[in-house]
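Engineer: Mind folding the following:
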Amino acid sequence: MMNKLVRIAAGVVVAAIVGGYNYLTKSDDAGSANFNQFPSKAESSQGKAGNSPKLENQAALLKKIRAAKEDVNSRFWMTAEGTVIKILKDDTKGSQHQKFLFELAPDVTLLVAHNIDLAPRAPVREGDSVTIKGRYEWNNRGGVLHWTHHDPKGRKQEGYIYAAGKYYR
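Structural biologist: Take a look at the predicted model:
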């Protein structure tokens, strides 16, 4: 009887360790990457250049975004390269956000809402080619890309804006 209880307790401890490891190395979305794959926040905010970001398959991503327009519950992490097509006025209500329109294809434009209370402003201008990692969420205009910054609580993936060879997150 005692051996059985010891084995059960050991199994619970192992499950807790594995679960804790998975919690710390994964985001809230299935199949996400490890948190530590990008330069540190200190390097990014000091403007030091990091390695160029890795893009996911852009054709598959565009297909996923086009399909998401039909599902009001769509939300997923993405990394994409595109062009800044319009700078919008900052949102200053609550947390401040730098806003601009980001075109991935002629029929796919997203609103980017970059939290400048948590991350440095990205020095983007109309016509700039940038790479952005963030969380896509459906809206009635095609979608918004946010969480383009670090997570101060360390629970979600970290997004970024990569412009002019530097990370802003």
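
Engineer: Lowest-scoring secondary structure element of this protein by mean pLDDT?
Structural biologist: helix 41-45 (a mean of 42; mean pLDDT, DSSP states H and E).

Engineer: all strands of this protein, in order?
Structural biologist: 75-91, 97-105, 108-115, 129-137, 144-146, 160-163, 166-168 (DSSP state E).

Engineer: okay, which residue is most central for this structure?
Structural biologist: G134 (2.5 Å; C-alpha atoms, centre = their mean).

Engineer: Could you pull up the residues touching that residue?
Structural biologist: 77-78, 112, 145-148, 159-160 (C-beta atoms under 8 Å, 6 or more residues apart in numbering). Any C-beta I mention is one placed from the backbone N, CA and C, and that applies to glycine too.

Engineer: pretty sure E126 is touching F102, no?
Structural biologist: No - using C-beta atoms under 8 Å, E126 makes no contact with F102, being 11.0 Å away.

Engineer: Please enumerate the shared neighbours of the two.
Structural biologist: 84-85.

Engineer: Of those two, which one has the most company?
Structural biologist: Set side by side, E126 and F102 show more neighbours around F102, with 24 against 11, by other C-beta atoms under 10 Å.

Engineer: How about that one: which residues does it bridge to?
Structural biologist: V84, L110 (DSSP bridges).

Engineer: same deal with E137?
Structural biologist: For E137, the beta-bridge partners under DSSP bridges are R75, V144.

Engineer: How many residues are close by it?
Structural biologist: With other C-beta under 10 Å as criterion, E137 counts 19.

Engineer: Pretty sure G143 is one of the things it touches, is it not?
Structural biologist: Yes - contact criterion C-beta under 8 Å: E137 and G143 qualify, at 6.5 Å.

Engineer: Determine the residues that are contacts of both of these two.
Structural biologist: S74.

Engineer: Would you reformat the strands of the chain as CSV and include distance to K54 and mean pLDDT?
Structural biologist: Shown next, in CSV, are those (distance: least, C-beta to C-beta, whole Å; pLDDT from 0 to 100):
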stretch, distance to K54, mean pLDDT
strand 75-91, 7, 95
strand 97-105, 16, 96
strand 108-115, 19, 95
strand 129-137, 9, 95
strand 144-146, 17, 94
strand 160-163, 11, 95
strand 166-168, 13, 94
